[in-house]
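J.: no letters, just coordinates:
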């Protein structure tokens, strides 16, 4: 685990987040092409999301990432990464992101942290594992209330 490989991992991540901002500015899921983000992800990338979330499950490859971003776009009206901290040791990086988001179905606003472990190999992201402090709060904010009977 060299300092140069840790620096390379952080460089890939900062590039990916800049590309993600460009992707969202260009219309995001359903409005912009995933091609903006594709160079940062290995063709066989794996994203693991907590099953309790409305976009939970395992997303594989560029097609899976495209579908994940579409699912996120259906759930969140806004999803802003307010602040990020990076720590990398070789191919493994940890990203702490403070999120401010508004659920599309309910209009509820939330602020919450996400801690992600990210594996970067040969200059591309190969695996992402996000960890949420409170998946229930996120799922509840995104679910419309049941009609009163």
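T.: Structure's in. What do you need? Quick caveat: nothing in here was measured; it's all calculated off a predicted structure.

J.: quick check: next helix or strand after the helix or strand containing residue 15?
T.: Assigned by DSSP states H and E, residue 15 belongs to helix 3-25. Proceeding N to C from helix 3-25, the next assigned helix or strand is strand 41-49, under DSSP H and E.

J.: before we move on, back to that, ok, and what's touching the helix holding residue 15?
T.: 32, 34, 36-37, 39-41, 69, 81, 84, 86, 88-93, 95, 118, 120, 123-125 (C-beta atoms under 8 Å, 6 or more residues apart in numbering). All C-beta spots, glycine's among them, are computed from the backbone N, C-alpha and C.

J.: among these, which ones are buried?
T.: Neighbour-count burial (16 or more other C-beta atoms under 10 Å) is assigned, among these, to 32, 34, 36-37, 40-41, 69, 81, 86, 88, 90-93, 95, 118, 120, 124-125.

J.: measure residue 34 to residue 63 for me?
T.: 9 Å (C-beta to C-beta, to the nearest Å).

J.: correction: residue 46
T.: From residue 46 to residue 63 the distance is 12 Å (C-beta to C-beta).

J.: neighbour count: those two, which is higher?
T.: Each of residue 46 and residue 63 has its neighbours counted (other C-beta atoms under 10 Å); residue 46 has more, 18 against 11.

J.: does the closest residue to the more buried one other than its chain neighbours belong to a helix, a strand or coil?
T.: Nearest residue to residue 46 in three dimensions, chain neighbours excluded: residue 127, at 5.0 Å (C-beta to C-beta, 6 or more residues apart in numbering). Of the three states, residue 127 takes strand according to DSSP: H, G, I helix; E, B strand; the rest coil.
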